[in-house]
Structures are given as structure tokens and as C-alpha cells.
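**Student:** Attaching a predicted model along with its sequence, questions to come.
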Amino acid sequence: YFGLSFHPEVITAAQAAVAQEGAGTTGSRAANGTYAAHRRLEQAFADAYGKPHALIFTTGYQANLGMISGLCAAGDSILVDLESHASIYDGARLSGAQLYAFKHNSPADLAKKLKRIEQPSNCLVVAEGLYSIGGDVGPLAELSAICKEAGACFMVDEAHSFGVYGPRGLGCAEEQGVLDGVDFVTGTFSKALAGIGGFCVSHHDALRLLHFTSRPYVFTASGSPANIASVEAALRILRADRTRREQLWANVRQIRSGLTALGFRIGATESPIVPIEVGTADQAMATWAALLDAGVYTNIVLPPACRADACLLRTSFSAAHTPEQLDEALGIFERIGREHALIGAAA
Ligand code: PMP
């Protein structure tokens with residue numbers, strides 16, 4: 001979201017780490033794969049969130065897998081937003097706990113489903129900050145209040161929202177003023193931080209135990225020195241410089257107003273993920289290919305990930321896009337959109 005993959009400080013940090021510590025760690029965090037940099041990065045996340053505990057994982061996928069399967073076991077319940085990422089579903093399955101889902105972004109349905117759970121104090125509720133396909137934001141304040149009332153634990157995956165939302169860029173829970181109402185925040189290094197890996201922060205001491213008990217944390221090699229160093233640098237840059245976030249939001253406003261003015265049907269929420277509705281799968285594939293040929297890459301979303309008549313082209317935007325590039329993209333969207341009858345003819 002911020003173009004940090006090519007930031008000179010990020011690249012230099014990665015190069016220096018390879019030169020000093022080698023290409024890989026050749027081991028698990030629980031054995032020989034914990035270097036000073038892994039601990040430093042964990043401390044940096046704990047400091048950023050003002051939480052006592054942080055844990056980093058080799059991928060963002062493993063952060064959810066490792067947290068959920070490490071916290072829950074047979075006899076517990078896990079209640080997830082229906083549109084949760086695969087890593088959340090897979091973590092729930094790996095845990096052996098009973099898995100339930102509540103309607104997407106529906107606090108009312110969460111409250112209803114929580115009432116049916118025998119021991120809500122043994123229930124982990126999981127939601128996301130920013131949903132990766134629809135580009136919509138979770139109603140975290142309401143969800144957190146419902147969990148608190150029922151005595152359930154609340155975990156939020158801020159994979160797409162870390163860096164993007166909140167006064168300090170900590171995500172949607174910070175934006176909605178409910179960081180204290182979230183028991184576990186997870187996230188990834190692969191979006192705002194331009195690397196590979198994932199993190200979790202929490203005020204619960206249970207997080208310390210997961211260094212020993214979470215299988216997706218223990219039974220895999222730790223992040224490479226270059227990767228950890230690049231993420232450390234990216235986090236430092238993001239925390240020190242708010243202008244990137246401002247630029248990202250300016251870009252979001254430019255592209256949303258441009259697409260809307262052209263007549264495209266786009267997602268309702270203002271976020272860096274802008275899904276465009278393109279009709280049937282055939283229409284989606286033809287439009288996707290034409291856009292690609294013209295130089296615009298989008299992600300295609302086909303059934304069962306969407307309704308058969310409401311396939312999507314998922315677009316996402318970065319602070320590194322220039323206004324000129326966005327205008328050029330809008331010109332291409334206009335031409336291809338008219339050719340494929342997604343928007344009407346020019347007036
Ligand atoms: N959570 C969400 C919501 C995601 O969208 C993703 C990746 N698309 C992940 C977790 C996993 O992150 P990573 O790809 O960095 O492993």
C-alpha cells in the first residue's frame with residue numbers, strides 16, 4: 001500500500017542483513033532460528049501497539065493459523081465472520097475447536113450466535129479490519145462490545161488495514177477507538193510493510209506460551225535475516241512518516257471519484273481496495289484480459305467467491321501511484337469499460 005518494497009532504506013537494510021547474517025536462519029524460532037532481530041521486531045510491534053506481548057510468524061497466513069490453533073482446542077468454540085480469510089478458517093480447523101460463522105459484518109448475528117454457545121468464555125470471535133475482496137471495514141466497535149458483554153475473546157486480523165487506518169496507522173481497531181477492546185490483533189508484513197511474515201500483539205500473557213505451543217510457529221523456519229531487517233526498516237519509515245498515508249487516501253479519493261464519474265459500479269466503502277462490478281463470469285474474464293492487455297492489472301473474482309451475475313474486478317491502490325498514473329488507468333478503464341458495455345457511451 002505504500003510502495004516500500006523499493007524504498008532505498010528498506011533495500012539497504014535487507015542487503016546489510018544478508019551480508020552480516022546470511023541468507024536464511026536454517027531453523028525454527030523455538031530452536032536455532034531466533035536472532036536478535038526477531039526479538040527486536042517483536043518489541044517494535046509491542047511498542048507500536050503499547051501492548052506487553054508480541055509474536056512474529058514466518059508468514060501472515062501462519063500468524064492466523066498459529067494464533068487460532070494455539071489459543072483454542074477441542075471443547076472450545078470459534079465464531080468467525082463468514083467472509084473470513086482462509087488462514088482464519090484453517091486455523092480454526094487445525095485447533096479442533098467447534099467452528100461457527102456469523103453473517104458478514106453483522107453484530108446482530110454475532111450476538112444471536114454467541115447466545116447459542118454454551119460457554120462463551122471459551123469462545124474466540126474472529127473478524128477482520130478491512131476485508132480483502134469487498135474492501136469493506138468490520139464494525140469492530142460493535143463486535144467488541146458484544147464479545148465483552150458475553151465474556152468471549154475477540155481477535156482482529158488487520159492484514160489489510162495495518163498502516164492504512166488509525167491515527168498511528170495501527171489499523172481499524174485504532175481508527176474505531178477500540179484497541180483496548182481487542183484481545184489479539186494479528187497482521188501481515190506482506191501488504192503495508194512490503195515483506196513476508198506476520199505478527200500478533202496482545203495484553204494476554206497467553207501469547208508468551210505460544211512460543212512453545214503453537215505448531216505453525218514452532219515447526220517451521222523463522223523469517224530470513226533480510227526479510228526481518230526489511231520489515232524493521234519499513235515499520236520505522238511508516239511510523240515516522242504520515243505523508244504516505246495521506247497520499248494513499250488522496251489516491252483512493254482520486255480513483256473512486258474517477259470511476260464513479262465514469263459510471264462504474266464500485267464498492268461502497270472508501271478504502272484502498274476498490275471492487276468493480278462487471279456482471280457475468282464471461283464479461284469479467286473478457287474485461288480482465290482487455291485491461292491487462294492495455295496495461296492495467298486487476299484481480300478477477302469469480303463464483304463461488306461472488307454471485308454468478310455480480311463478478312468483480314478487484315483493484316487496489318498504493319501511495320506509490322502518481323496522480324498521472326491514476327489518470328492514465330482511468331482513461332484505460334473508460335475505454336475498456338465502454339467497449340465491454342460496463343458503462344454507457346460517452347455523452
Ligand atoms: N489475512 C488476510 C485478511 C489476508 O488477506 C491475507 C493475505 N492475502 C493473509 C491473512 C495472509 O497473509 P500473507 O499472504 O502475508 O501470508
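**Tutor:** Nice, I can see it. Numbers count the residues shown, from 1 in each chain.

**Student:** Got the confidence number for the nearest residue to Phe184 once chain neighbours are set aside?
**Tutor:** Leaving aside its chain neighbours, Phe184 sits nearest to Met155 (4.1 Å; criterion: Cβ to Cβ, 6 or more residues apart in numbering). To be clear about C-beta, it is placed using only N, CA and C from the backbone, and glycine gets the same treatment. For Met155, the pLDDT comes out at 98.

**Student:** Just to check, Arg215 is in contact with Leu94?
**Tutor:** Yes: with contacts counted by Cβ atoms under 8 Å, Arg215 reaches Leu94, the gap being 7.4 Å.

**Student:** hey, what's in contact with both of the two?
**Tutor:** Ser69 (Cβ atoms under 8 Å, 6 or more residues apart in numbering).

**Student:** and the two? which has more neighbours close in?
**Tutor:** Leu94 (17 against 14; other Cβ atoms under 10 Å).

**Student:** Surely that one touches Leu65?
**Tutor:** Yes: Leu94 is within contact range of Leu65, at 6.2 Å (criterion: Cβ under 8 Å).

**Student:** Quick check: neighbours shared by the two?
**Tutor:** Counting by Cβ under 8 Å, 6+ apart, the residues touching both Leu94 and Leu65 are Pro216.

**Student:** How about the stretch 201-347 of the chain: which residue is closest to the ligand?
**Tutor:** Closest residue of the stretch 201-347 of the chain to the ligand, Cβ to the nearest ligand atom: Ile273 (9.8 Å).

**Student:** where does Ala346 land on pLDDT?
**Tutor:** 67.

**Student:** What of Leu82?
**Tutor:** pLDDT, Leu82: 97.

**Student:** burial count for the closest residue to the ligand within the chain?
**Tutor:** Minimum separation of the chain from the ligand (Cβ to the nearest ligand atom) falls at Gly60, amounting to 2.5 Å. Residues lying near Gly60 (other Cβ under 10 Å) number 25.

**Student:** Could you pull up the residues touching it?
**Tutor:** Gly60 makes contacts with Ser87, Ala159, Thr186, Gly187, Thr188, Phe189, Ser190, Gly197, Gly198, as judged by Cβ under 8 Å, 6+ apart.

**Student:** To what extent is Lys255 buried, counted in neighbours?
**Tutor:** Rather than Lys, residue 255 is Ile. 23.

**Student:** need the contact list for it.
**Tutor:** Contacts of Ile255 (Cβ under 8 Å, 6+ apart): Val274, Thr315, Phe317, Leu326, Ala329, Leu330.

**Student:** Repeat that for Ile78.
**Tutor:** Ile78 touches Ile68, Cys72, Ala92, Ser95, Ala97, Gln98, Leu99, Tyr100, Cys123, Leu124, Val125, Val126, counting by Cβ under 8 Å, 6+ apart.

**Student:** From those residues, which land in strands?
**Tutor:** Counted as lying in strands by DSSP state E, out of these, are Gln98, Leu99, Tyr100, Cys123, Leu124, Val125, Val126.
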